[in-house]
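Enquirer: Below is the sequence, then the predicted model.
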Amino acid sequence: MLDAAGPGLGHFIREAGRGGAQPGGSIAEGQSEPPSGGAMRGKNVYVETYGCQMNVNDTEVVLSLLGDKGYSPIQDPTIADVILLNTCAIREKPENKIWSRLGEFKKLKAVAKKNKRRGPIVGVLGCMAERLKHKLLDADRLADIVVGPDAYRDMPRLLKIVEGEADGGAVGALNTQLSLDETYADVVPLRPAGAVTAFISIMRGCNNMCSFCIVPFTRGRERSRPTTSILDEIRLLSDTGVKEVTLLGQNVNSYADFATESQRGAPGTTVGDPFSTYAAGFRSVYKPKREGAVQFAELLQRAAEIDPEMRIRFTSPHPKDFSDDVLQVVQQYPNVCKQLHLPAQSGSSDVLDRMKRGYTREAFDALVDKARRLIPGLALSTDIITGFCGESEDEHAATLDLMSRVGFEQAFMFAYSQRDKTHAARHLEDDVPQPVKARRLAEVIQVFRETMFGKNEKEVGRTHLVLVEGEAKKSEEMLTGRTCTMKRVIFPKISVPASQHGCGGEAVPQPGDYVSVDVVSAQSSTLTARPLARTTLREFHSLHGSTVPRRS
Ligand code: 5AD
Ligand code: SF4
């Protein structure tokens, strides 16, 4: 999750067009005519992105759609024609931050008015737009346009409506229509130029209805992007030098594309057991229908086969969809990162039942054991909620036990925040007092830190493969990148042999290079290393037998 990601705009590139499916249309509320399509030239747009990686990629989609209408991204809100906040509604805290930013932008408008200039058009996009709809327009007109996650194609028209309004007049413009089929498959995201990593959305929405979660209400039903358009985009990214792609979805491993013929025959559903495509012991509130579809394991395999030098990651998965065939693809392909996100939410079966997660603690433990058995060196991350409705001290202790037993490498931990519309808000009592939630959260964080630091210390002396991303934030003398297990590594920016065999002279590693490094010390969240040589993913794998070696 991003805390409050700045736009990170810099210079953007656009790859050549993607193939792919026709988009599903979204119908504007209260509007019947489509936009005239006239280009608006020479305008600029400033965007702030909050929430998950999906929002980061959605921002790139929005910038692409607006780019087609002549808007260029800028990094300074004070000179922007349009200011957009791409928002998250998952908890109250990030929403409060958005309200305060809207207040600040209102001041920019007031200054412009005083100087007899037209102020910026302010838009709220994403989950908070979907959740609050008209309330954002009504609230002292803090927002001029409100656009839900499936309505981004409509933005040029919505902007035009507001531009046509007399200053401060009318009612703003809104489209929060959710779609059953919009995947933006044909939109080429406007990505930062020169980036060595990229996000690719492969599905949108969530059908799971976990009792605490607003996502199914703000992001709508699950729908998957056509396999061919995803694979085409990966090929294009590989051609432009991108070395790592992260496949994205609210429920990424429940991917199911019925429009493309599966090359695996008709995997999946065994007659009589609708949950046979799930990990053992997992269920959902709905019956998955995936027969004949290209499912996640197949997509992952086909993605991994495009470029053996390109790493593949994916997030955010649901544990239920880690069927054996998904784990096998992770194990078999050296370029599929040996790191899985397994959002546990709680270590207590009773809490998991109230959360409607569809599994018990035992089923979760069994999945962890199986994944670790099958994939040596596997790193695991998780999401945890503390203080969910009715959580007792014993139930909380079960979560602490889970954290210390599993020993996650990364964890995103939150105090429960009640969200309107959810099952929990309607049927359960938010009865754990705030200080208790906070204390339990601190305890979970403490156990996580201890186990994580212990694991990091064990990395000292190991040889890792690092994909160089660029200079370290703290020092121009250092480079930074990640291991395939997602650990951040920093190491001195010095010349190293250009290959592991010592041929080809010496070179200073550049962003996009793979470098083998020896870990020399461990800090709480980073490893410091000594660079050994530039290498390739295949060379490293053939020398070490894995991209996650044990002892050096
Ligand atoms: N309160 C606290 N945390 C939540 N999450 C989702 N909904 C809530 C909520 N109402 C957390 C879950 C999820 C992550 C993305 O956010 O842990 O996996
Ligand atoms: Fe929310 Fe559950 Fe869907 Fe994740 S799987 S987005 S927690 S409803």
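Expert: Structure's in. What do you need? Numbering: from 1, shown residues only. Ligands and ions are numbered 1, 2, ... in the order given.

Enquirer: And whichever strand or helix holds Ala110, what's buried?
Expert: Assigned by DSSP states H and E, Ala110 belongs to helix 92-114. Buried residues in helix 92-114, counting neighbours by 16 or more other CB atoms under 10 Å, are found at 94-95, 97-98, 101-102, 105, 108-109. Where you see a C-beta, it was placed from the backbone N, CA and C, and this is true even at glycine.

Enquirer: min pLDDT across those, which one?
Expert: The pLDDT minimum for the buried residues of helix 92-114 sits at Pro94, where the score is 88.

Enquirer: Now that residue. Nearest residue, chain neighbours left out?
Expert: Distances taken as CB to CB, 6 or more residues apart in numbering place Cys88 nearest to Pro94, at 4.7 Å, with adjacent residues excluded.

Enquirer: JSON lines for the buried residues of helix 92-114, including distance to ligand 1?
Expert: As requested, these are arranged in JSON lines below (distance: CB to the nearest ligand atom, whole Å):
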{"residue": "Pro94", "distance to ligand 1": "10"}
{"residue": "Glu95", "distance to ligand 1": "11"}
{"residue": "Lys97", "distance to ligand 1": "15"}
{"residue": "Ile98", "distance to ligand 1": "16"}
{"residue": "Arg101", "distance to ligand 1": "21"}
{"residue": "Leu102", "distance to ligand 1": "22"}
{"residue": "Phe105", "distance to ligand 1": "26"}
{"residue": "Leu108", "distance to ligand 1": "31"}
{"residue": "Lys109", "distance to ligand 1": "32"}
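
Enquirer: Among those, give me the pair with the biggest separation.
Expert: In terms of CB to CB, the buried residues of helix 92-114 reach their longest pairwise distance at Pro94 and Lys109, which sit 23.0 Å apart.

Enquirer: can you pull out the strands in the stretch 51-200 of the chain?
Expert: Taking DSSP state E, counting those that start in this stretch as the criterion, the stretch 51-200 of the chain contains strands spanning 71-73, 82-87, 121-126, 145-147, 173-175, 191-192, 197-201.

Enquirer: Next up, the contacts around the residue found closest to Ala379 once you drop the neighbours it is linked to in the chain.
Expert: Using CB to CB, 6+ apart and skipping the chain neighbours, the partner closest in space to Ala379 is Thr485 (3.6 Å). When contacts are counted by CB atoms under 8 Å, 6 or more residues apart in numbering, Thr485 touches 337-339, 377-379, 409, 548.

Enquirer: and those residues as CSV, adding neighbour count?
Expert: Converted to CSV, the contacts of Thr485 look like this (neighbours: other CB atoms under 10 Å):
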residue, neighbour count
Cys337, 24
Lys338, 20
Gln339, 24
Gly377, 16
Leu378, 20
Ala379, 22
Glu409, 19
Val548, 22
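
Enquirer: Dump those residues to CSV, plus secondary structure and pLDDT.
Expert: Formatted as CSV, the contacts of Thr485 follow (DSSP: H, G, I helix; E, B strand; the rest coil; pLDDT from 0 to 100):
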residue, secondary structure, pLDDT
Cys337, coil, 98
Lys338, coil, 97
Gln339, strand, 97
Gly377, coil, 92
Leu378, coil, 96
Ala379, strand, 96
Glu409, coil, 95
Val548, coil, 89
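
Enquirer: and which of the residues you listed is nearest ligand 2?
Expert: The shortest distance between ligand 2 and any of those, using CB to the nearest ligand atom, involves Gln339 and amounts to 18.5 Å.

Enquirer: for that closest one, what are its contacts?
Expert: 313, 378-381, 409, 484-486.

Enquirer: Just want the residue of the stretch 451-552 of the chain that's nearest ligand 2.
Expert: Counting by CB to the nearest ligand atom, the stretch 451-552 of the chain gets nearest ligand 2 through Met486, at 19.6 Å.

Enquirer: Run a quick neighbour tally on that residue.
Expert: 17 (other CB atoms under 10 Å).

Enquirer: what pLDDT does it get?
Expert: Reading off the model, Met486 has pLDDT 94.

Enquirer: hmm, back to that, which of the strands of the stretch 51-200 of the chain has the lowest mean pLDDT?
Expert: The stretch with the lowest average pLDDT out of the strands of the stretch 51-200 of the chain is strand 191-192, scoring a mean of 92.

Enquirer: related to what we said a few turns ago, find the residue closest to the residue of the stretch 451-552 of the chain closest to ligand 2 in space, skipping its chain neighbours.
Expert: The spatial neighbour of Met486 that comes closest, neighbours along the chain excluded (CB to CB, 6+ apart), is Gln339 at 4.7 Å.

Enquirer: Okay, and the beta partners of that neighbour?
Expert: Counting by DSSP bridges, Gln339 is bridged to Ala379.

Enquirer: Could you list the low-pLDDT ranges of the stretch 401-550 of the chain?
Expert: Counting by pLDDT under 70, the stretch 401-550 of the chain has low-confidence residues at 550.

Enquirer: Tell me the residues of it that contact ligand 2?
Expert: Residues of the stretch 401-550 of the chain lying near ligand 2 by CB under 6 Å from any ligand atom: none.

Enquirer: all strands of the stretch 401-550 of the chain, in order?
Expert: Taking DSSP E, counting those that start in this stretch to define them, one finds strands in the stretch 401-550 of the chain at 410-415, 463-471, 478-482, 488-492, 496-497, 506-507, 514-522, 526-535.

Enquirer: Dump these into CSV; add distance to Leu132 as well.
Expert: Written out in CSV, the entries for the strands of the stretch 401-550 of the chain read as follows (distance: least, CB to CB, whole Å):
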stretch, distance to Leu132
strand 410-415, 21
strand 463-471, 36
strand 478-482, 36
strand 488-492, 36
strand 496-497, 52
strand 506-507, 52
strand 514-522, 44
strand 526-535, 38
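
Enquirer: Could I get those strands in TSV, plus columns for mean neighbour count?
Expert: Below are the strands of the stretch 401-550 of the chain laid out as TSV (neighbours: other CB under 10 Å):
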stretch	mean neighbour count
strand 410-415	19
strand 463-471	22
strand 478-482	23
strand 488-492	20
strand 496-497	20
strand 506-507	13
strand 514-522	20
strand 526-535	21
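
Enquirer: contacting residues around Val489?
Expert: Per CB under 8 Å, 6+ apart, neighbours of Val489: 464, 466, 480-483, 517, 519, 526-529.

Enquirer: ok, 6 Å please
Expert: Residues in contact with Val489 (CB atoms under 6 Å, 6 or more residues apart in numbering) are 466, 481, 527, 529.

Enquirer: Neighbours of Arg426, how many?
Expert: Burial of Arg426, expressed as a neighbour count using other CB under 10 Å, amounts to 9.

Enquirer: actually Thr240, not the one I typed
Expert: When neighbours are defined as other CB under 10 Å, Thr240 has 15 of them.

Enquirer: what about it, distance to Thr183?
Expert: Counting by CB to CB, to the nearest Å, the gap from Thr240 to Thr183 is 22 Å.

Enquirer: and if you look at Ala110?
Expert: With distances defined as CB to CB, the gap from Ala110 to Thr183 amounts to 40 Å.

Enquirer: these two touch, right, Ala522 and Glu457?
Expert: Yes - contact status for Ala522 versus Glu457: in contact at 4.9 Å, counting by CB atoms under 6 Å.
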